[in-house]
Structure formats: C-alpha cells, structure tokens
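Peer 1: Make a model of this:
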Amino acid sequence: MIRVLGLALLAVWQGAVACPPPATDSSRLAISGGSITEIVYLLEESSKIVAADRTSNYPIAATKLPSIGYVRNLSAEGVLSIEPTLILAENDTGPPIVLDQLRKTGVEIAIIPEQMDAEGIISKVECVANVINADPKSTAIAKTKLTEDLEVLKELQNAEQRGERNNTVAVILGLDNGQPTVGGINTSANSILEMAGATNAFASFEGWKPVPAESMLQANPDIIIMPIRSVKMAGGLEKILSMQAIKLTNAAINNRVIAIDGMALLGFGPRTLGVAIDIAKENQKVSQTNP
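Peer 2: Modelled structure (predicted):
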C-alpha cells in the first residue's frame, strides 16, 4: 500500500493543511526546499540527509550534499537514485507529474504545510521534528530560540505601532534592465513585511509584478530590500543606487537599500524570524530619524 504523507493543496492565504504524521522510516532524507533543510540542521538531524535540492544553500554544509534538482522541477529518477526512505518537501515542490511518479514507487512523501507568519515558522519546525522523529531535546532548544525571537519581534512591532510615521518598504525580487520586479500582497515579500510590522509600498496590487520607474518613484519607499543574489546580478548596490527607478526614492537618498540572503528573507525558515527583526529595527530607525 502506497503511503503519502500530506498534500499541500492550498496556498497560505487559503488556509494551512495539517502536518503529516511521523514517517515510518526517516533514516534517509531527500529534501526539497531550502527552509526544510535549514530546519533539519537546526534540529541536529543532518546526518539523516542523503540529498537536497538546489535551494538548500544554508548552512554551507548543505551545499555539499548530492543534488536532486530544483524544488519546482525535480526528476523522479534523480530522487530515486539516492534511495531515500522519506522525501521531505516544501508545499511548492513539483512538478505534480513527478510527485505522482514518486508516489507510485511507494516511497514516503511528507509535504510540510506553509504558513507565512512568525507563528507559522515555529509550527513548521515542530512539524518537521514530528515527521522525522527528531530528538526531543534538540527540538525543545530550537523552539525556545525561535520563541525568544518571536517575543523580540512582537516588542518591536508594538513599538512601531505606537509611532505616528507611516514608513513604507519595498521588496524588489530583481531588476531587468533597470526595471524592478516588486512584491505586492499575497506574496512572501508582503508576509515578511507584515511580520516586521512594516507597510508594503506596493500593497495596491497582488503578486510579483515589474513596475516602471514612475511607479517606483510614486510609491517612494523609505526602505528597499533585495536578495543578495539579485543585487550581485544587477551589478552591485552602487549601480542599483544610480538606476533611474531607484535613485530618487527616499530609500536611495538615505542609503537604505538593503541586501539580504534570499532564502533567509523569503524562505520562511528559521532565519526568517531574525530577518523580520532586522527589518523592524531598520523601520524603527527611519521613524526616529524622520519623526
């Protein structure tokens, strides 16, 4: 009988699905999704990992694991070749046809629910720990650290809410010939800003969209955040600050264009709580500088 551990059919704004039950055998993990890999390392269960996808770039040790391809474009043959006892996957793992092929082999698949908020990150860690039968002591230590981060974040959120200035923040996924692609509502970008208690400069639309320079200048964000990889691809921060769409914004004028590791920023793994804290602190600085 084929056992499938969970189907992630709904996006975060449509409601989370239940955590899969504990796996029959979690001794050989193939992981699809960088945030899941980070969690397994945090739980001190990395010895179980036999392969991971290309988004698994943290910690550095994860980059040395055999690769099963990209999270949304896996190969059934590649996954099965490393003989996993459990495929541990983020909810956007695919394509669906590959997951169907894997299920037909009888290998266990645990798709971890995604809830893009601070509490959801802690729930995600708890879920992974439950599925892979992680050591209770390591799980408790991880949860304690994340809970402490959550309390710090709540304090910063409360402090920002007491302020009067309405700062805005833009998350730019990338720049194509100087044109920024920014995150609107119902994106991981908007979710991280909500976690930080910040206002999305592009909350007027949904999804990721390229915007012209005029729209960026009209939004005029106080802070701009970009993945480090996108900054490098665009030629570095200095070049970005000189771009027509960026240079006249408050963020550029006040040197508040910030590069952050993309997985930490948008992956909603253990490091994302720390990123939210950093954004909240930066937002607080803007309020203090421009009361």
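Peer 1: Would you tell me what the next helix or strand after the lowest-mean-pLDDT helix or strand in the chain is?
Peer 2: In the chain, no helix or strand scores lower on mean pLDDT, DSSP states H and E than strand 4-5, which sits at a mean of 40. Once strand 4-5 ends, the next helix or strand along the chain (criterion: DSSP states H and E) is strand 29-32.
Peer 1: And for that following strand, what's in contact with it?
Peer 2: Taking CB atoms under 8 Å, 6 or more residues apart in numbering as the criterion, the residues outside strand 29-32 that touch it are 37, 40, 48-53, 56, 68, 71, 74, 79, 82, 84-90, 93, 132. No exception for glycine: its C-beta is placed from N, CA and C like everyone else's.
Peer 1: Pull out the buried members of those residues.
Peer 2: Buried members of these, scored by 16 or more other CB atoms under 10 Å, are 37, 40, 48-53, 56, 68, 71, 74, 79, 84-90, 93, 132.
Peer 1: Narrow those to those in helices?
Peer 2: In helices, defined here by DSSP state H, the members of the buried ones among the contacts of strand 29-32 are 37, 40, 79.
Peer 1: hang on, isn't the last one packed against residue 103?
Peer 2: No. With contact taken as CB atoms under 8 Å, residue 79 and residue 103 are classed as non-touching, separated by 11.6 Å.
Peer 1: I'd like the average pLDDT over stretch 132-142.
Peer 2: Confidence over stretch 132-142 (mean pLDDT, whole number) is 97.
Peer 1: Buried residues of that stretch, list them for me.
Peer 2: Of the residues in stretch 132-142, 132, 134, 139, 142 count as buried by neighbour count, 16+ other CB under 10 Å.
Peer 1: how about those in TSV, adding distance to residue 250 and secondary structure?
Peer 2: As requested, the buried residues of stretch 132-142 are arranged in TSV below (distance: CB to CB, whole Å; DSSP: H, G, I helix; E, B strand; the rest coil):
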residue	distance to residue 250	secondary structure
132	45	coil
134	45	coil
139	43	helix
142	38	helix
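Peer 1: Which members of those are the farthest-apart pair?
Peer 2: 132 and 142 (12.7 Å; CB to CB).
Peer 1: okay, and the common contacts of those two?
Peer 2: Shared contacts of residue 132 and residue 142, defined by CB under 8 Å, 6+ apart, comprise residue 43.
Peer 1: export the buried residues of stretch 132-142 to a markdown table and tack on distance to residue 112?
Peer 2: Below are those laid out as a markdown table (distance: CB to CB, whole Å):
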| residue | distance to residue 112 |
| --- | --- |
| 132 | 10 |
| 134 | 13 |
| 139 | 15 |
| 142 | 15 |
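Peer 1: Quick check, pLDDT for residue 22.
Peer 2: According to the per-residue confidence, residue 22 scores 97 in pLDDT.
Peer 1: That one: what's it in contact with?
Peer 2: Neighbouring residues of residue 22 by CB under 8 Å, 6+ apart: 130, 131, 132, 133.
Peer 1: Specify which member of those residues is nearest to residue 153.
Peer 2: residue 130 (24.1 Å).
Peer 1: Quick check: the gap between the closest one and residue 43.
Peer 2: Distance, residue 130 to residue 43, using CB to CB, to the nearest Å: 11 Å.
Peer 1: Number of residues surrounding the closest residue to residue 135 other than its chain neighbours?
Peer 2: Here the nearest residue to residue 135 in space, its sequence neighbours aside, is residue 44; by CB to CB, 6 or more residues apart in numbering that works out to 6.7 Å. Residue 44 has 14 neighbours, counted by other CB atoms under 10 Å.
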